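**Q** kindly generate the corresponding structure for this input.
(one chain, ligands or ions: 2)
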Amino acid sequence: TSEVWVNKSAGEESLGVCPETPPNLLGPFQVELETVRTLEDVRKQVGPLLQVGGRYKPPDCISKQKVAVIIPFRNRHENLTHWLYYLHPFLQRQQLDYGVYVINQDGDGTFNRAKLMNIGYAEALKEDDYNCFLFSDVDLVPLDDRNLYRCFSNPRHLSVAVDKFDYKLPYEKIFGGVTALTKEQFLTVNGFSNTFWGWGGEDDDLYNRVMLRIKAISRPYAVIGRYKMIKHERDPHNDQNLNNVKKLKETTNTLDQDGLSSLNYTVIDITKNMLFTFITVDVHVPM
Ligand code: UD2
Ligand code: MN
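**A** Ligands and ions are numbered 1, 2, ... in the order given. Prediction:
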């Protein structure tokens, strides 16, 4: 019997909790987006420890959080390849236990970034007991790995210094780009609104929800929270929607009815790739 015991203690149970500060971070690192990359290039580069569906656990310690990385997506394959090329090694250097979920809006109806985030939350939870949700645009590549992709005691806005905005917050309350909320925080605000169709406002609505229910956010220092946004034009079927600006005055009245509690959609396909889980969904675009 002692032999069995020894085998067991040499297994996973004997690993310690990962240190608060990951030991092998680079700090600032070079990001170069001119090279044409393929998913094959990325696969060669990310190391052998990645598991199907873009799942990873650090080999040498137990991570306290399980992070679902959620990316809203439609027809941005080149951006996604760059994102994966830089982010998989980045997340692994941070010793995260994570999975990457790309939520692909089917069809060419009006885009709905926020609803795709809610769907990512719901679908990731069907697969594993994630307790932290990291929401990221597909075009934002971080420039410093001290910017930890995990959850904090308040909802966190991570993309504080984006090159496109001159490495400054364009306005104090911005909550777009990359954010992280624990499962509990996300439930407390009833997730994102499902009703922001087209470009703009959905991130400010989430900010309103957080301020109404949790009353505080956190951010990394601007020297650490630096990003490149991969250059792009406004996509087709994602025009600015001025109605969204009006809706921002209503968050306090709509929060309870509009969000995770009212989410409905249809999953069309789930494909597991080595680098990510790709979930194609019908978001029920209104006629
Ligand atoms: C800003 C925000 C973004 C969001 C948006 C308003 C920052 C840094 N970014 O980004 O978070 O609030 O304004 O809606 O604050 N996408 C597709 N295909 C499409 C359309 C959009 O994949 O056809 C996804 C993709 O992940 C993209 C994201 O939606 O990065 C946001 O769209 P964007 O990049 O066009 O918006 P942008 O850069 O103005
Ligand atoms: Mn963008």
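**Q** show me the contacts for residue 187.
**A** residue 260 (Cβ atoms under 8 Å, 6 or more residues apart in numbering). All C-beta atoms are positioned from the backbone trio N, CA, C, and that covers glycine.
**Q** now do the buried residues in the one helix or strand it maps to.
**A** In this assignment (DSSP states H and E), residue 187 forms part of helix 183-188. Applying a neighbour-count criterion of 16 or more other Cβ atoms under 10 Å, one finds 183, 185, 186, 188 buried in helix 183-188.
**Q** same check on stretch 171-183?
**A** The neighbour-count check on stretch 171-183 (16+ other Cβ under 10 Å) flags 174, 175, 176, 177, 178, 179, 180, 181, 182, 183 as buried.
**Q** send me that stretch as PDB with only the CA atoms.
**A** C-alpha atoms of stretch 171-183 as PDB (Å, rounded to 0.1, in the frame of the first residue of the first chain):
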ATOM      1  CA  TYR A 171     -11.700  58.900 -22.000                       C
ATOM      2  CA  GLU A 172     -11.600  58.000 -18.300                       C
ATOM      3  CA  LYS A 173     -14.600  55.600 -18.300                       C
ATOM      4  CA  ILE A 174     -13.600  53.500 -21.300                       C
ATOM      5  CA  PHE A 175     -14.200  49.800 -20.700                       C
ATOM      6  CA  GLY A 176     -13.700  48.400 -24.200                       C
ATOM      7  CA  GLY A 177     -10.900  46.300 -25.700                       C
ATOM      8  CA  VAL A 178      -9.800  43.800 -23.100                       C
ATOM      9  CA  THR A 179     -11.600  43.200 -19.800                       C
ATOM     10  CA  ALA A 180     -11.600  40.500 -17.100                       C
ATOM     11  CA  LEU A 181     -14.400  39.600 -14.700                       C
ATOM     12  CA  THR A 182     -14.800  36.700 -12.300                       C
ATOM     13  CA  LYS A 183     -17.800  34.500 -12.800                       C
END
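**Q** contacting residues around it?
**A** Contacts of stretch 171-183 (Cβ under 8 Å, 6+ apart): 67, 125, 130-137, 140, 142, 149-152, 155-159, 162, 189, 203-204, 206-207, 210, 217, 227.
**Q** show me what residue 105 bridges to in the sheet.
**A** Assessed by DSSP bridges, residue 105 has beta-bridge partners residue 281.
**Q** quick one: name the residues of the stretch 1-150 of the chain near ligand 1.
**A** Neighbours of ligand 1 within the stretch 1-150 of the chain, by Cβ under 6 Å from any ligand atom: 71, 72, 73, 74, 75, 76, 111, 113, 137, 138, 139.
**Q** cutoff 8 Å now
**A** Counting by Cβ under 8 Å from any ligand atom, the residues of the stretch 1-150 of the chain lying close to ligand 1 are 71-76, 79, 105, 111, 113, 116, 136-140.
**Q** quick one on the thing from earlier: and the buried residues of stretch 171-183 near ligand 1, which?
**A** Within the buried residues of stretch 171-183, those near ligand 1 by Cβ under 8 Å from any ligand atom are 174, 175, 176, 177, 178.
**Q** and the gap between the first one and residue 277?
**A** Taking Cβ to Cβ, to the nearest Å as the criterion, residue 174 is separated from residue 277 by 29 Å.
**Q** kindly report the same for the fourth one.
**A** Computed as Cβ to Cβ, the residue 177 to residue 277 distance reads 22 Å.
**Q** same deal with the third one?
**A** When distance is defined by Cβ to Cβ, residue 176 is 24 Å away from residue 277.
**Q** tell me who's in contact with the nearest residue to residue 132 once chain neighbours are set aside.
**A** Distances taken as Cβ to Cβ, 6 or more residues apart in numbering put residue 151 closest to residue 132, at 3.8 Å, once the chain neighbours are dropped. Contact analysis of residue 151 by Cβ under 8 Å, 6+ apart lists 65, 67, 131, 132, 133, 134, 180, 181, 182, 185.
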